[in-house]
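Need the 3D shape of this:
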Amino acid sequence: MLLAREALAECRPTAPCVDAEPMWQSPSAVRLNVVSDTQALPAYKLGLGLAFTLRFRPAVLNVPSPNEGGRDVNLISHAEAAALTARFGIGNGLELTALAAGLSQQGAGIKGVTSQSAPAIDSPVLQDPRIGFGYALKTGSQSWGAKIRFEAKLPLGNAEVFAGESGFVASPSVAFSGGRGGLYGGLEVGARLRNPSDFFGLRLGSQASIAAGVGYEVSALALAFALELYVLPSLIDTGRYGYLPAECLYTTRFAPDLFGDFSLGAGAGTGLPLSERVGGANLSFGLASFRGFFYVRYAPRSDRSAP
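You can find the predicted model right below:
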């Protein structure tokens, strides 16, 4: 959600902006979703994942109207996405990763701010794909691990309908994970480096990226439950408004021996009101009031013994 009525004077309806999906599912995730697994796949092995996501009201703008409180414009009222992830082991702790996603969304779009009769945003569309690599560090420990990662987001989506970036995004990071018994956790710290864009009085640009998760696996039931959180502090001056995207996720994962190297998972989450409260909106741009998702993954190794 976003922004404020007084910012409308700075409106540039055709200006490019960042993707309206701040949550990056990691192609290397196994037991968590936004935190990468710290082990690389064995050489010449391919891991795959398919995830479906539903978001409600991820982009709302309050604009002037005869009503005292203004008029809320659902730039995106709801969005459904399907994402395919892949990771390929090339040996010596190295792996290649990729993510491609398609998006179907409903809403007024940018032009709905200046005209109530403007056409709705285009749907369906492709989102920006991401490609990258990872290198699993040799820690000499069975209880914890670390991995260096780099991803590049390619600006192939349509930025004017919130399905892509206005330029390339480089994202270096380092992930850590550990576990003991049924308890496990992970932390990934990095950055998203992009050219800044001005959007209704808000300046969106490079961000730090901090993601963490903790979970517990009930081995007798082959079920795991986890709580995850990510936050994206801005590395540039955001202009008129304070801007701090953050979201929490609650997930469950089912991976019985009968499934072999397959696992199923589902989760739900919501944005956290950490950004400046402006114009009645208390969530950052791109953060949904509700997120639900389901996924299936294939990882050709035993992830249940991994840190």
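
Tell me which stretches of the stretch 101-250 of the chain form strands.
125-126, 130-137, 144-153, 169-180, 183-192, 197-199, 202-204, 207-218, 223-231, 246-254 (DSSP state E, counting those that start in this stretch).

Could I get the average pLDDT for the shortest one?
It stands for strand 125-126. The pLDDT scores in strand 125-126 average 85.

Could you name the helices and strands sitting against that strand?
Using 3 or more Cβ pairs under 8 Å, 6 or more residues apart in numbering; DSSP states H and E, the elements in contact with strand 125-126 are strand 94-106. For the C-beta atoms, the positions are set from N, CA and C on the backbone; glycine is no exception.

Would you mark the buried spots in the strand it packs on?
95-97, 99-101, 103, 105 (16 or more other Cβ atoms under 10 Å).

just the CA coordinates of that strand, formatted as PDB?
Only the C-alpha atoms of strand 94-106 are listed here, as PDB (Å, rounded to 0.1, in the frame of the first residue of the first chain):
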ATOM      1  CA  LEU A  94      29.100 -24.200  -7.300                       C
ATOM      2  CA  GLU A  95      25.600 -24.000  -8.700                       C
ATOM      3  CA  LEU A  96      23.600 -22.000 -11.200                       C
ATOM      4  CA  THR A  97      20.100 -20.600 -10.400                       C
ATOM      5  CA  ALA A  98      17.200 -19.200 -12.300                       C
ATOM      6  CA  LEU A  99      13.700 -18.000 -11.700                       C
ATOM      7  CA  ALA A 100      11.000 -17.200 -14.200                       C
ATOM      8  CA  ALA A 101       7.500 -16.000 -13.300                       C
ATOM      9  CA  GLY A 102       4.200 -15.100 -15.000                       C
ATOM     10  CA  LEU A 103       1.700 -12.700 -13.400                       C
ATOM     11  CA  SER A 104      -2.000 -12.200 -13.700                       C
ATOM     12  CA  GLN A 105      -3.300  -9.100 -11.900                       C
ATOM     13  CA  GLN A 106      -6.300  -6.800 -11.700                       C
END
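
Show me what that strand is packed up against.
Strand 94-106 packs on strand 71-91, strand 125-126, strand 130-137, going by 3+ Cβ pairs under 8 Å, 6+ apart.

Direction included, what does it pair up with?
Counting by DSSP bridges, the strands paired with strand 94-106 are strand 71-91 (antiparallel), strand 125-126 (antiparallel), strand 130-137 (antiparallel).

buried residues in the first one?
If I follow you right, that is strand 71-91. 72-79, 81, 83, 85-89.

so how far is it from its chain's centroid?
Centroid separation for strand 71-91 versus its chain: 7 Å, with Cα atoms, centre = their mean, to the nearest Å.

any idea of the mean pLDDT in that strand?
Strand 71-91 comes out at a mean pLDDT of 88.
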